[in-house]
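Enquirer: pasting the sequence and the predicted coordinates here, then a few questions.
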Amino acid sequence: MRLLLVEDDPILGNGIELGLREAGFTVDWTRDGRSAQLALETTGYELAVLDLGLPRLSGMDLLRGLRRSGNDLPVLVLTARDTVQDRVAGLEAGADDYLVKPFDLAELVARIRALLRRAHGRATNTLSYRDLVLHPDSLSVVRGKDTITLSGRECAILVDLLEHQGTALSRARLEEGLYGWNEEIESNAVEVHIHNLRRKLGAELIRTIRGVGYLVPREIV
Ligand code: CA
């Protein structure tokens, strides 16, 4: 789950970046509106956390441009001003949710998870597939009486595959969700995570489509 964080305050930005990483997200952090625009044009994100007061291009203008171009990326706005007019303006510009500074990191994480859930049309924070129930918040899978623990990256890959059942996702596509800009990509990382997922959850769960990628077969209910 790769997120874009746009925040020009270095202390706050650093705190949010660390908090989101700890919660299992991959985070790219930009400090001004133009860099954020460029990042959005070139990288696939699941969600953006956007400060409104930014150098070079305001968060509001960035958001308006994004929506004008038909981009429906979930956007959570951070604002220092808690007035009704500001909230209405933010929502009208296309924000999906907002938080007023100062806020609690736990609340930010909970709101991000709720937005991602909504974006994928899920009513709950778990994903079920056959006899498995995946709990992304606790990086675990429950099967009957067993609880199987996943790493953050194993969990991210499994969520991605379960949300696109029946569709093969390429290694490059899966990799993009796993690494931020300043993280070094380990070679064969996706293969290693898939191997571990099969070891933990059964070899038949994830199919390899030669030359294309990996898929979880669509569940026939
Ligand atoms: Ca700011």
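Expert: In hand now; what should we look at?
Enquirer: who does the longest helix anywhere in the chain touch, helix- and strand-wise?
Expert: Longest helix of the chain, by residue count under DSSP state H: helix 105-119. Using 3 or more C-beta pairs under 8 Å, 6 or more residues apart in numbering; DSSP states H and E as the contact criterion, the secondary-structure elements in contact with helix 105-119 are helix 10-22, strand 47-51, strand 75-79, strand 97-100. (Glycine included, C-beta is placed from N, CA and C.)
Enquirer: just give me how far that helix sits from the chain centre.
Expert: How far helix 105-119 lies from its chain's middle: 10 Å, per C-alpha atoms, centre = their mean, to the nearest Å.
Enquirer: stretch 64-75 too?
Expert: Centroid separation for stretch 64-75 versus its chain: 16 Å, with C-alpha atoms, centre = their mean.
Enquirer: returning to that earlier point: out of the helices and strands packed on helix 105-119, deepest packed?
Expert: Sort the helices and strands packed on helix 105-119 by mean neighbour count, taking mean count of other C-beta atoms under 10 Å, and strand 47-51 sits at the top with a mean of 26.
Enquirer: excluding its backbone neighbours, what's nearest the closest residue to the ion within the chain?
Expert: Taking C-beta to the ion as the measure, the point where the chain comes nearest the ion is residue 53, at 3.7 Å. What sits nearest to residue 53 in space, not counting adjacent residues and going by C-beta to C-beta, 6 or more residues apart in numbering, is residue 80, at 6.5 Å.
Enquirer: so who does the one you found touch?
Expert: If a contact means C-beta atoms under 8 Å, 6 or more residues apart in numbering, then residue 80 has 52, 53, 100, 101 as its contacts.
Enquirer: re earlier: just the angle between the longest helix of the chain and strand 75-79, please?
Expert: Angular relation of helix 105-119 and strand 75-79 on a 0 to 180 degree scale: 150 degrees, by axes from the mean of the first three to the mean of the last three C-alpha atoms, to 10 degrees.
Enquirer: what are the C-alpha coordinates of helix 105-119, in CSV please?
Expert: Taking only C-alpha atoms (Å, rounded to 0.1, in the frame of the first residue of the first chain), the coordinates of helix 105-119 have been written out as CSV:
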residue,chain,number,x,y,z
LEU,A,105,-1.4,9.6,14.5
ALA,A,106,-3.7,6.8,15.5
GLU,A,107,-6.7,8.7,14.2
LEU,A,108,-4.9,9.5,10.9
VAL,A,109,-4.1,5.8,10.4
ALA,A,110,-7.7,4.8,11.2
ARG,A,111,-9.1,7.4,8.8
ILE,A,112,-6.7,6.2,6.1
ARG,A,113,-7.7,2.6,6.5
ALA,A,114,-11.4,3.7,6.4
LEU,A,115,-10.8,5.6,3.1
LEU,A,116,-8.9,2.7,1.5
ARG,A,117,-11.7,0.3,2.6
ARG,A,118,-14.3,2.5,1.0
ALA,A,119,-12.3,2.9,-2.2
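Enquirer: can you list the domains in this structure?
Expert: The chain is divided into the following domains under automatic domain parsing: 2-119, 127-215.
Enquirer: averaged pLDDT, the longest one. What do you get?
Expert: Averaged across domain 2-119, pLDDT comes to 92.
Enquirer: near the ion, which residues of the chain are found?
Expert: In this structure, the chain approaches the ion at residues 8, 51, 53, judged by C-beta under 5 Å from the ion.
Enquirer: of all those residues, which comes closest to residue 111?
Expert: Sorting the residues of the chain next to the ion by distance to residue 111 puts residue 51 at the head of the list, at 14.9 Å, by C-beta to C-beta.
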